[in-house]
Structures are given as structure tokens and as C-alpha cells.
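I'll drop the sequence and a predicted model, then ask my questions.
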Amino acid sequence: MVMVAAQTPPRSRPEPEAGQPPQFRFGWIFAAIWLFYLGENLTNLLQHPGGWKRDVGLVALACFAVLYMAVVAQMRGGIGRPKRTRRIVLRVWAGLILLLGLAVAQVPAISYHALTGMVYIAAAAMMGLPVTQGAPFAGVLLLGTELAARLLPGWQDKGYGLAVLLGSLATWGIRLASERQGRLQVAQSAIAALAVQNERARIAADLHDILGHSLTVVTVKAELAQRLLDVDLERARKELADLERLARDALSDVRATAMGVRGISLPGEIAAAREALAAAHVTCELPGAADDVPTRNRELFAWTIREAVTNIVRHSRASRCEVLLGPHSVEIIDNGRGDADPAPDGQGLQGLRRRADALGAKLTVGRRGDQPGFRVRVEVPS
């Protein structure tokens, strides 16, 4: 007798809108299957002697089946949604009242057998109405079914009250599962959107780090080449050749970053720093090798040197700097404007801080305490 599976939501082909649970387009087909249990009413009506009672009962039964399907179709847009719209709730209420009237219209012909319809009505109420409305309504149906079966003359208790109770509880369980599934799909959509946003932010940060360094060196070398054109033509040509190589390297880095395969090496960044600082006329003491640095720290230290050198060339107006490299720390200090903002856009140091946090490292950025200048230090716990 429990036809609650009528509301089981099948999978629909169209994709749901973003942030919305899916709507189940073909739930009415499964609801139609459970109309099989109205066969008891039909059999008793056909066995009733001809007359207006039988005719009214048959018409009421046919209308009951059709209206039940219409009510199910009306609530399909609310399955999986914890909140029903006011329009849907009003239509469901109207359908339930009409269903109740059609069930009562069968009573003159088949008496207590008409109570079968109460199970359908209770199940539809628990699925289509807010719980605060559906549960009391189902409770009234249960009480009315039990009282009618026990108090009306000639009526028998065939377990219709128990069927109403089980149908209501089972339908409520299916509704909770549908709502949880809807919330889960909304959460999954939000997580997917957040993942895309984070990936975009990561790519943007990487591109900033790559292009910020490369374009800074390109700018410095272009200025140097322009000054050398009237002084040392051969050296100017060398600087222009370096510009072409740097531009090609930057383009290659951008392409590799977009493909997610880009790497960075500590020796390469030390060499690039030496070249960039020389082009900017900054005297610098750099480590000769990076063999003592553990593998897990090399990428972070390489990014640190790249970002610090980029800031020195672009903002510090320093004439001298020093890179101190150890197995568990790297420090870049200069004698430039210690009170200057090292990165007006803030993206480079923010990206460096994220990388340091990922390894549990400590990033220190600020003015040198002992003398004028700026300090960038990253220390990884040993």
C-alpha cells in the first residue's frame, strides 16, 4: 500500500542551473506505477450494482488518479529544495483538498475501501508541503482514517491507518534524502567554482612573478642599451641580443605556466640575479653554489631570490646588495631606500608569503635595523 516511491527523483538529462538542485522531469511516471493500488477501489466499484453511486464513484476514481498525477507533476520543481515557493504550496493545497473530496465521493459506493485514497493524499502532503504544514495534515488524515474505520457502522479496519502512517514516514524520509542531495549538489557547484577561482588566482600570481622579474630586467637592459648606442656600439648590440633572449625566455615561461608544467631552479635564479643586478649597476655578493640547500627548500629559495632581486632593481635605488644562502634560510639585503614600498601592487610578496606558509617557513620583510636598507629573509625549520 505504500506508494511513496512515486516521488523518487529520477535522473534528468538537462544540467541544473548553477547553485540550484536538479528538477526531476519524469517523477510522474513513477507516481503512475503506484496507482496500481487503486485497483482495489476499481474492483469494488465494478462489483457494485449499477446506479448513480457506482457512476459517481467511477468518475471520482478516474478524476482522483488524474488529479494525483497533476499534483505530483506540480511539486516536481520543489523536490530537493528545502523551501517551496508560495505558488507551489497553494497549488498543492488545492490539489490535496480536491483529492480528499474525490475520495469522499467514492464512499457511498464502496464505503471503507475509499480509505485507500488517504495514503496517496498523505504521501503527497508530506512531499509537496512544508513539513510544518504537511506533518499536521498527515496526522489529521491518520486520525480521521482510524476513527472512521472504528466508529462508522459497517466499516472495517483493514490497516489503512497504518498504511497512512508508514506512507507519510517513508515519503518524509525520501524528501529529506532529496533535500540533502540538492544541498550536496549546490555545495559541489560552489566548491567547483571556488576551485576555478583559486586556480585563476594561482596562475595570475605565477604570471606576475614571472613577468615582473623578466620585464624588469628587459626594461633595465633596454635603458642600458639606449645609453650605450652612442658610446659602445658593440656592447649595445650585446645588450639588445640579451633583450631578445630574455623576451623569448619570458614567453616560454608564460606558455609553460599556462600548461602547468613550469619549474624554477635555484642555480638558475642565482645566475639570473647576477645578470639583472649587473645590468642595473648594483654590486652584489652572490653565493657560488647551492649544493648545501635541501631539495625541498630550493624552489622556495629560488622564488625568494627572484622576488627580492626584482624589488631591488625596480624600487630600492640600491647600489649594493648581498644574498646569504644556507641550507635552511636565504636572506637578501640591500642599502637602498629602506622606507620605500618594495612592491606597490603587493602581489609578488603575497605570492612569496603563500609559498612560505605552504612549507611552514617564516618570511621576514622590512627595513634593516642596523643600517639603512631593506631585508627579505625566509627561514625553514630544520
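Received, thanks.

show me where the stretch 151-300 of the chain has helices.
160-228, 233-259, 266-279, 295-311 (DSSP state H, counting those that start in this stretch).

Show me which positions of the helix or strand just after the last one end up buried.
Once helix 295-311 ends, the next helix or strand along the chain (criterion: DSSP states H and E) is strand 320-325. Residues of strand 320-325 classed as buried: 321, 323, 325 (neighbour count, 16 or more other CB atoms under 10 Å). C-beta coordinates here come from the backbone N, C-alpha and C atoms, glycine included.

and which of those residues is nearest to A114?
Minimum distance to A114 across the buried residues of strand 320-325 is 89.5 Å, recorded for L325 (CB to CB).

so how many other residues sit close to the residue nearest to R314 when sequence neighbours are not counted?
Excluding the flanking residues, the one nearest R314 by CB to CB, 6 or more residues apart in numbering is T216, at 5.2 Å. Counted with other CB atoms under 10 Å, the neighbours of T216 add up to 20.

From A272, how far off is T216?
Noted for T216: a distance of 11 Å to A272, by CB to CB, to the nearest Å.

where's I305 relative to C63, distance?
For I305 relative to C63 (CB to CB), the value is 82 Å.

Now do the helices in the stretch 1-150 of the chain.
Under DSSP H, counting those that start in this stretch, the stretch 1-150 of the chain gives helices at 27-33, 39-47, 52-75, 86-105, 107-110, 116-128, 131-151.

Could you report the pLDDT at the closest residue in space to G95 that isn't next to it in sequence?
Spatial nearest neighbour of G95, chain neighbours left out: V71 (3.7 Å); criterion: CB to CB, 6+ apart. You'll see V71 listed with a pLDDT of 82.

I figured V71 hits L100, correct?
No. In this structure, V71 is not within contact of L100 by CB atoms under 8 Å, at 11.5 Å.

So for these two, which sits in the more crowded spot?
A direct count of neighbours by other CB under 10 Å for V71 and L100 places V71 higher, at 25 against 17.

dump the residue contacts of the more buried one.
91-92, 95-96, 99, 124, 128 (CB atoms under 8 Å, 6 or more residues apart in numbering).

Would you quantify the distance from R54 to A105?
Taking CB to CB, one finds R54 at 12 Å from A105.

what do you get for A271?
92 Å.

ditto for T364
Counting by CB to CB, the gap from T364 to A105 is 84 Å.

how far is stretch 265-281 from where the chain is centred?
Centroid displacement of stretch 265-281 relative to its chain, using CA atoms, centre = their mean, to the nearest Å, is 42 Å.

Widest-spaced pair of the contacts of V71?
R91 and L99 (12.5 Å).

who has more neighbours, those two?
Under the criterion of other CB under 10 Å, the comparison of R91 against L99 puts L99 first, with 23 against 16.

Name the nearest residue to that one, sequence neighbours excluded.
The nearest residue in space to L99 (CB to CB, 6+ apart) is I121, at 5.1 Å.

Same question for E299.
I264 (5.8 Å).

mind listing what that neighbour touches?
Taking CB under 8 Å, 6+ apart as the definition, contacts of I264 comprise 299, 302-303, 306.

Would you write a PyMOL line that selects the buried entries of the residues you listed?
The buried residues among the contacts of I264 can be selected in PyMOL (16+ other CB under 10 Å) with this line:
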select buried, resi 299+302+303+306
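
Return the member of the contacts of I264 nearest to I33.
Nearest to I33 among the contacts of I264, with distances taken as CB to CB, is E299, at 61.0 Å.

any idea how far the closest one lies from A135?
59 Å.

Ok, I174 next?
From I174 to A135 the distance is 15 Å (CB to CB).

Please say which of those two ends up with more neighbours.
I174 (20 against 16).

if I read this right, that one contacts M127, doesn't it?
Yes. With contact defined as CB under 8 Å, I174 reaches M127; the gap is 7.3 Å.

how far away is L98 from A105?
10 Å.

These two: who's more crowded?
A105 (19 against 16).

who touches that one in this structure?
Contacts of A105 (CB under 8 Å, 6+ apart): 56-57, 60.

now with 10 Å?
53, 56-57, 59-61, 63-64, 114, 117 (CB atoms under 10 Å, 6 or more residues apart in numbering).

What's the per-residue pLDDT of the nearest residue to A289 once chain neighbours are set aside here?
Sequence neighbours aside, P267 is the residue nearest to A289 in space, at 7.6 Å (criterion: CB to CB, 6+ apart). Note on P267: pLDDT of 80.

what's the burial count for P267?
14.

for I203, same thing?
Using other CB under 10 Å: I203 sits among 13 other residues.

How about L90?
Neighbours of L90 using other CB under 10 Å come to 11.

Over to R274?
Using other CB under 10 Å: R274 sits among 14 other residues.

likewise Y37?
Around Y37 there are 16 residues (other CB under 10 Å).

Likewise for the one 3 residues further on?
By the criterion of other CB under 10 Å, E40 has 15 neighbours.

And the pLDDT at it?
pLDDT, read off for E40, is 82.

check contacts around it.
By CB under 10 Å, 6+ apart, the neighbours of E40 are 1, 110, 113-114, 116, 158.

Double-check L102 against L61; I have them as touching.
Yes. Contact status for L102 versus L61: in contact at 7.7 Å, counting by CB atoms under 10 Å.

ok so, going back, Throw the contacts of I264 into a markdown table and include pLDDT and distance to I333, thanks.
Listed next are the contacts of I264 as a markdown table, based on pLDDT from 0 to 100; distance: CB to CB, whole Å:
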| residue | pLDDT | distance to I333 |
| --- | --- | --- |
| E299 | 87 | 22 |
| A302 | 90 | 18 |
| W303 | 89 | 17 |
| R306 | 89 | 16 |
